[in-house]
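Q: here is my input, please return the structure:
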Amino acid sequence: MIPTPHIEAKKGDFADTVLMPGDPLRSKFIAETFFENPVLVNNVRGVNGYTGTYKGKKVSVMASGMGMPAIGIYSHELFNFYDVKNIIRVGSAGAISTDLKVRDIVFGLGSCTDSNFQNQFALPGTFAPTASYELLAKAVEAAKAMGDVRYKVGNLLSSDVFYHDVGGALDWQKMGVLAVEMESAALYMEAARAGKNALCICTISDHLVTGEELSSAERQNTFTQMMEIALEIA
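A: Sure, this is the predicted structure:
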């Protein structure tokens, strides 16, 4: 089914690996900053998708929007209709752990969630969404090679709710969860169901304990270490 209801690209327009920020403007920034000869392959609903080359490799980037329903749609269509092999989320997250600082990078080994997204799979228990070990190992090695990257590997909380009425993300701190975002669990589940690979790389944009936070412009244009790591392993 190409084009899909949400992607107007033609078969073969996407590379095997797609970087997936939430923000369409971050997608545009990555393509214009890092790609050689970027071509716009999707703009349905303003969700920018580009394909180009990075150090001679064909690579794509397309936004996912915010939340698990949105990334669930785009990752499902990329994995199942466009035969994309790998999706690397390059997003922002709020730190829960006091071991993290703003601008640190988190590699999501696993993704805890308060979502019902897994219910569609009708499993007789609770599924544990995890990253592709191959992509994760490559990302850690790339971060080490860069030398000046502050990073941690561990669990993310993928939440359906940004403004919690009762309780909140900090409750997960006692279980060693590092940071909260809103997409990784759905991405990991879609990858598992399709037999494909996924990794969530997040830069800490704000801290739920200290209250420190970055502006929307800084989130869009300055998380270049995370972008470079993803591009190196694409």
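Q: which residues does the spatially most central residue of the chain bridge with?
A: The centroid of the chain falls nearest to residue 89 when counting by C-alpha atoms, centre = their mean (1.8 Å). Taking DSSP bridges as the rule, residue 89 bridges to residue 20, residue 200.
Q: that one and residue 146: what is the separation?
A: Per C-beta to C-beta, to the nearest Å, residue 89 is found 19 Å from residue 146. To be clear about C-beta, it is placed using only N, CA and C from the backbone, and glycine gets the same treatment.
Q: tell me where the chain has strands.
A: Applying DSSP state E to the chain gives strands spanning 17-20, 36-42, 49-54, 57-62, 86-95, 105-113, 151-158, 179-181, 197-207.
Q: would you format the ones you listed as TSV with distance to residue 218 and mean pLDDT included?
A: Formatted as TSV, the strands of the chain follow (distance: least, C-beta to C-beta, whole Å; pLDDT from 0 to 100):
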stretch	distance to residue 218	mean pLDDT
strand 17-20	19	98
strand 36-42	23	96
strand 49-54	22	98
strand 57-62	19	98
strand 86-95	10	97
strand 105-113	15	98
strand 151-158	19	98
strand 179-181	17	97
strand 197-207	8	97
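Q: so which bits of stretch 42-50 are buried?
A: For stretch 42-50, a neighbour-count test (16 or more other C-beta atoms under 10 Å) marks 42, 47-50 as buried.
Q: equivalent analysis for stretch 12-31, please.
A: Across stretch 12-31, burial judged by 16+ other C-beta under 10 Å covers 13-15, 17-31.
Q: equivalent analysis for stretch 124-135, please.
A: 127, 129-132, 135.
Q: report the helix or strand with the lowest average pLDDT across this structure.
A: Counting by mean pLDDT, DSSP states H and E, the chain has its least confident helix or strand at helix 216-221, which shows a mean of 80.
Q: residues in contact with that one?
A: 23, 25-26, 29, 92, 203, 205 (C-beta atoms under 8 Å, 6 or more residues apart in numbering).
Q: ramachandran coordinates for the residue nearest to residue 160 when sequence neighbours are not counted?
A: Once flanking residues are discounted, residue 160 sits nearest to residue 115: 4.7 Å by C-beta to C-beta, 6 or more residues apart in numbering. Main-chain dihedrals, residue 115, degrees, to the nearest 10: phi -90, psi 160.
Q: hmm, residue 115 is touching residue 187, no?
A: No: Residue 115 is not in contact with residue 187 according to C-beta atoms under 8 Å; the separation is 11.8 Å.
Q: name the residues of stretch 160-175 that come out as buried.
A: Buried, per 16+ other C-beta under 10 Å, within stretch 160-175: 169, 172-173.
Q: from these, which has minimum pLDDT?
A: The lowest pLDDT within the buried residues of stretch 160-175 belongs to residue 169, with 88.
Q: my guess is it meets residue 95, correct?
A: No: in this structure, residue 169 is not within contact of residue 95 by C-beta under 8 Å, at 9.8 Å.
Q: list residues touching both of those two?
A: residue 208.
Q: show me the contacts for the residue of the chain positioned farthest from its centre.
A: Residue farthest from the centre of the chain, counting by C-alpha atoms, centre = their mean, is residue 124 at 27.5 Å. With contact set as C-beta under 8 Å, 6+ apart, residue 124 has no partners.
Q: tell me the pLDDT at it?
A: Reported pLDDT for residue 124: 96.
Q: in CSV: the strands of the chain, plus distance to residue 71.
A: Listed next are the strands of the chain as CSV, based on distance: least, C-beta to C-beta, whole Å:
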stretch, distance to residue 71
strand 17-20, 7
strand 36-42, 15
strand 49-54, 14
strand 57-62, 11
strand 86-95, 7
strand 105-113, 12
strand 151-158, 10
strand 179-181, 10
strand 197-207, 10
